[in-house]
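> give me coordinates for this.
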Amino acid sequence: MPSKQGVKIVLTASATEMSEFGNTQFFAFAGGFPKGPIPSWLLTKRLYPQVESNCDGSAKYAPYGLRKVEAVLLKNGFAESDVAVVHPCNLDAFVGLSTKVVAVSTMDPLGMGYVSKTYSSLIGGGEPMNSIEFRNLMKHESFQRYKPKIIVGGAGAWQLKHKNVMESYEIDCVVIGESETILPELFTKAVNEENLPKVVHVNRSPTCKEIPTIKHASIHGCVEISRGCGRNCQFCTPTMQKRRDFPLDKIMKEVEINIAEGAEMITLGTEDIFLYNVKNSGFIPNKKAVLGLLRKVTSYPGVKAVQAAHMSLAPVVYDPSMIKETSEILIEHNWYYYRGKPIVTAETGIETGSTRLIRKYMAGKPLPFKPEDWKELVPQAFAILNDNDWYPLATLIIGLPDETEDDVIETLELIDNLRDYKAFFVPLLFVPLEKCLLDDRNGAELDSLSELRWKLLTECWEYNVRVWRPFIPERLSRNPLIYNTITKFVVPSIGLAAGLYYGTKHGKIVKNSIGNLTRYIETERYNVI
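From the prediction side, this is the model:
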């Protein structure tokens, strides 16, 4: 272990972000759910256990953003012995008299993100786990004792400025934006015990050459293949960023590093796997580049699974043959199954079925098609994806600014047109994120939702239970007696209690929906899609 003097620079993140969530990255969404009455020890043991440690106590795997910060520092004159990436549980061993700066990466420090806002208010039970664990981290005893400079960055850093809590959390500097180009100066000042600016807004996006290759393994074997999107959806931050595609040799170097340090899965970090290395401004997919990338990554020795983070739907319809050929590659390196069958998945955004809202807030989303094509494009894309064993995880936004009841009806009609396909829907309340074009608008609030918006939210979750019910037996128990006890007695009892509670809290639509969900789970006679 390091000496009691500590390490000069310590990099860390909250417990929910320093976990692999049982090697299932989509489970990380649960960090935005309220903790409720569940004991913290049970959550840290079962839901977000600590990442594996190296023999010196440092983290073997870490969030990709922290690995980029580490790489920037090592590239700019700091030695390996000066920098330690550490889980919060091990901070006492690394923060000491010699520690000059602790840098924290955060995705959702105050529970203001899309998932946290939606499901903490929907479920009830207090703060989201993300914000609880961030507060626990910032109040760590070692920070109070040794008083290092505290720098916080990451996709959720804007929340700290927005709520003006830097002083209460004793944060010296908050960095908002892509930080690779300004980190060397900030850390040099911090190490020299100079004053730091309270807030740094980074307005220039670094080039691919300015973004260093990671030096050690990331959680879920994350490897960035592109950054930014360029579709300019007004509710989103990454879409406002210029898209940059990393060269294949840089990508493969990060694959090599992850595999060498024990990773078996590679997660391709991107806003759209199907637009890798696009050579034009019209969002026409470069099929050759996409297939070449996937073949190169999947053929690397030691890679057992490859998972794309995000995709868009328009390229699916534009070039169905690309989907067929990507599936042939990825199905041999899948991570997920449906009823015993290997499947491929990625997150995508439907957001709305309203042509008017598509045209007003996200006209770039359907490119190279038109906003008027969206309602037909989405079912076409789902059909092509399902035919090739892609089961998308799709988000929808409830309460976009100026959304009318007619807009919601159009979205409900679109969801109805998708009912025969297999996917997972995640309805979310609109949140005005920092640096998006709608950041000055009011967010949607659960207690002000109309009856139609409640109908949209509940229909999405009824769909999810119907489609994914085959997972429930194996997740609950493989023992038929235990499974029957849970589905015939435990689930109905919980459903009855939840129906009474949430019916009182949110109304009749929610109560009836919980009743439907309970019946879907408990009855063996229900016909799964």
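> mean confidence for stretch 413-422?
Taken as a whole, stretch 413-422 carries a mean pLDDT of 97.
> surely Gln50 is in contact with Tyr61?
No: counting by CB atoms under 8 Å, Gln50 does not reach Tyr61; the two are 10.4 Å apart. (C-beta placed from N, C-alpha, C; glycine too.)
> which of the two has more neighbours?
Tyr61 (26 against 16; other CB atoms under 10 Å).
> so the more buried one sits right up against Glu264, yeah?
No: the criterion here is CB under 8 Å, and Tyr61 misses it with Glu264 at 11.6 Å.
> so how far is the lengthiest helix in the chain off the chain centroid?
Secondary structure assigned by DSSP state H gives helix 451-468 as the longest helix of the chain. On the basis of CA atoms, centre = their mean, to the nearest Å, helix 451-468 sits 21 Å off its chain's mean C-alpha point.
> give me the low-pLDDT residue ranges for the chain?
1-3, 239-240, 470-492, 494-495, 498, 519-529 (pLDDT under 70).
> surely Lys435 meets Trp158?
Yes: the pair Lys435 / Trp158 is scored as a contact, 7.1 Å apart, by CB under 8 Å.
> more neighbours, these two?
Trp158 (22 against 15).
> separation between the more buried one and Thr270?
Per CB to CB, to the nearest Å, Trp158 is found 22 Å from Thr270.
> restrict the longest helix of the chain to CA atoms and write it as CSV.
C-alpha atoms of helix 451-468 as CSV (Å, rounded to 0.1, in the frame of the first residue of the first chain):
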residue,chain,number,x,y,z
GLU,A,451,-53.8,12.2,-17.9
LEU,A,452,-52.4,11.5,-21.4
ARG,A,453,-48.8,11.9,-20.3
TRP,A,454,-49.4,9.4,-17.4
LYS,A,455,-50.9,7.1,-20.0
LEU,A,456,-47.8,7.3,-22.1
LEU,A,457,-45.5,6.6,-19.1
THR,A,458,-47.5,3.6,-17.8
GLU,A,459,-48.0,2.1,-21.3
CYS,A,460,-44.3,2.1,-21.8
TRP,A,461,-43.7,0.1,-18.6
GLU,A,462,-46.6,-2.3,-19.3
TYR,A,463,-45.0,-3.0,-22.6
ASN,A,464,-41.6,-3.7,-21.0
VAL,A,465,-43.1,-6.2,-18.6
ARG,A,466,-45.0,-8.0,-21.3
VAL,A,467,-41.9,-8.2,-23.6
TRP,A,468,-39.3,-9.0,-21.0
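> quick one: list the elements packing against it.
Packing contacts for helix 451-468, counted by 3 or more CB pairs under 8 Å, 6 or more residues apart in numbering; DSSP states H and E, involve strand 393-398, helix 405-417, strand 424-429, helix 508-522.
> what about the strands in the stretch 201-350 of the chain?
222-224, 226-227, 244-245, 265-269, 305-308, 336-338, 341-343, 347-351 (DSSP state E, counting those that start in this stretch).
> Met166 is nearest to which of those?
strand 226-227 (26.6 Å; CB to CB).
> list the neighbouring strands of the closest one plus their orientation.
Strand 226-227 sits in its sheet next to strand 244-245 (antiparallel), going by DSSP bridges.
> and the partner strand, how far from the chain's centre?
Distance, centroid of strand 244-245 to centroid of chain: 20 Å (CA atoms, centre = their mean).
> what of stretch 500-520?
Worked out by CA atoms, centre = their mean, stretch 500-520 lies 28 Å from the chain centre.
> what do you get for stretch 458-474?
21 Å.
> same question for stretch 167-180.
With CA atoms, centre = their mean as the basis, the mean position of stretch 167-180 lies at 21 Å from the chain mean.
> Ser205 against Glu180, yeah?
No: the pair Ser205 / Glu180 is not scored as a contact, 9.5 Å apart, by CB under 8 Å.
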